[in-house]
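1. Predicted model, plus sequence, below.
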Amino acid sequence: MPRRRRKGRRAARRGAANRGGRRRAPRRTGAAKRAKRKPRRPRLELLAAAAPRFALRSSVGLGAVNDPADVLATKQRLVELGFEWLVVDSTTHDETIRAIRLFQAIKSGHQRVAHPANDGRIDPGGDTYLWLQAANAPRWMPMPAGSALAGFRNVERSDTYDQHDWGTDWLAATVTAAGAAYRDAYLTRRPGAALLTINDASLPRGGETPDHAGHQTGLACDCRLPRTDGTAPGGTTFRHALFDREATRAMLQALRAQKLVARVFFNDPELIREGLCMPVSGHDDHIHFEIRPPARSGAEL
Ligand SMILES: [Zn+2]
């Protein structure tokens, strides 16, 4: 980081000199000729480009070295990724460990945080470390609100009863893409049909929720069932007189077309027979879908 700062100051000085109005072509002095032969700036840029934005010298977290500078860098990175309830300082608190474990559960595709692999510790060169460096590191964020134009709506955003509004940017992108796919494939033909209607994802800081067995890591979301009158008010099972199976089929197809969608649960025997979903107890009146992490990309520079 110091290297980048020095470069910044040098660039600022160059900028200041340029702004000084020296626009006439300078006389070719010996120094200018040498500068022309040996352009130093591109080499500096290459050096800067090789350094990941996030780097540690030693381990951080539970039972780790916890060098203050490394702890600070870790918390800065987690806050940058949306885990913004962390206090950015150089001390490892319980909340720091909890956020690291949540991050580990997300990058590993776990629906629950309590898994032995989520040990709350980041080792330089390890998988958690590489995911923290990655350009496609998971970001924690509120799920999108949706609109008629987007093909989906998020009723959880207007529901003040609970707060399962949060999840990963991977889930947000999946919901948005599924809404667009449902809109293009179905709503254009049936404009009166219900929108893809999502509700619970995860709590504001992830983790356990009394309302769900999973839903801890921003990788799962529920959808209400559509009715043939174009609404999706909740409380509709696949046995309901107004259950819109055709729209539900199109919603399931739109969800399954998304590359990160892993498992889709819903108990309608007909749609199960079609291979669109799997049965599980408690899912007569809603669709539950889960996503897997994408392949990790290179470091964010
Ligand atoms: Zn669910």
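-> Everything's here; your move.

2. The stretch 101-250 of the chain against the ion: which residues are in contact?
-> Among all residues of the stretch 101-250 of the chain, those adjacent to the ion (criterion: Cβ under 5 Å from the ion) are Asp222. For glycine as for every other residue, the C-beta is placed from the backbone atoms N, C-alpha and C.

3. Contacts only, for the closest residue to the ion within the chain.
-> Proximity of the chain to the ion (Cβ to the ion) peaks at His288, 3.4 Å away. Listed by Cβ atoms under 8 Å, 6 or more residues apart in numbering, the contact set of His288 reads 220-223, 264-266, 280.

4. Also Arg98?
-> Residues in contact with Arg98, defined by Cβ under 8 Å, 6+ apart, are 113, 120, 205, 207.

5. Strands along the stretch 201-301 of the chain, start to end?
-> Chain-ordered strands for the stretch 201-301 of the chain, with DSSP state E, counting those that start in this stretch as the definition, fall at 220-224, 261-265, 286-291.

6. any idea how far Ala134 is from Arg296?
-> Between Ala134 and Arg296 the distance, using Cβ to Cβ, to the nearest Å, works out to 5 Å.

7. before we move on, the earlier item: possible to save the strands of the stretch 201-301 of the chain as JSON lines with mean pLDDT?
-> Compiled in JSON lines, the strands of the stretch 201-301 of the chain are given as follows (pLDDT from 0 to 100):
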{"stretch": "strand 220-224", "mean pLDDT": "98"}
{"stretch": "strand 261-265", "mean pLDDT": "98"}
{"stretch": "strand 286-291", "mean pLDDT": "98"}
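
8. Run through this protein and note the low-pLDDT ranges.
-> Within the chain, the stretches with pLDDT under 70 are 1-49, 160.

9. Can you give me the domain assignment for it?
-> The chain breaks down by automatic domain parsing into domains covering 60-133, 141-291.

10. out of Ala134 and Arg296, which sits in the more crowded spot?
-> Remark: of Ala134 and Arg296, Ala134 carries more neighbours, 19 against 15, as counted by other Cβ atoms under 10 Å.

11. isn't that one right up against Leu301?
-> No - in this structure, Ala134 sits apart from Leu301 without contact. The criterion is Cβ atoms under 8 Å, and the distance is 11.1 Å.

12. shared neighbours of the two, which are they?
-> When contacts are counted by Cβ under 8 Å, 6+ apart, Ala134 and Leu301 have no shared neighbour.

13. Next, format the strands of the stretch 201-301 of the chain as JSON lines and append distance to Val155.
-> Formatted as JSON lines, the entries for these read as follows, by distance: least, Cβ to Cβ, whole Å:
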{"stretch": "strand 220-224", "distance to Val155": "7"}
{"stretch": "strand 261-265", "distance to Val155": "19"}
{"stretch": "strand 286-291", "distance to Val155": "12"}
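
14. between these, which gets nearest to Glu156?
-> In terms of Cβ to Cβ, the element of the strands of the stretch 201-301 of the chain nearest to Glu156 is strand 220-224, at 8.7 Å.

15. who does the residue of the chain closest to the ion bridge with?
-> Beta bridges link His288 to Asp222, Phe265, judged by DSSP bridges.

16. picking up where we left off before, make a ChimeraX selection of whichever of the contacts of His288 turn out to be buried.
-> What follows is the ChimeraX syntax for the buried subset of the contacts of His288, where burial is set by 16 or more other Cβ atoms under 10 Å:
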select :220,221,222,223,264,265,266
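
17. Among the contacts of His288, which one lies nearest to Met143?
-> Here the nearest of the contacts of His288 to Met143, counting by Cβ to Cβ, is Cys221; it sits at 7.2 Å.
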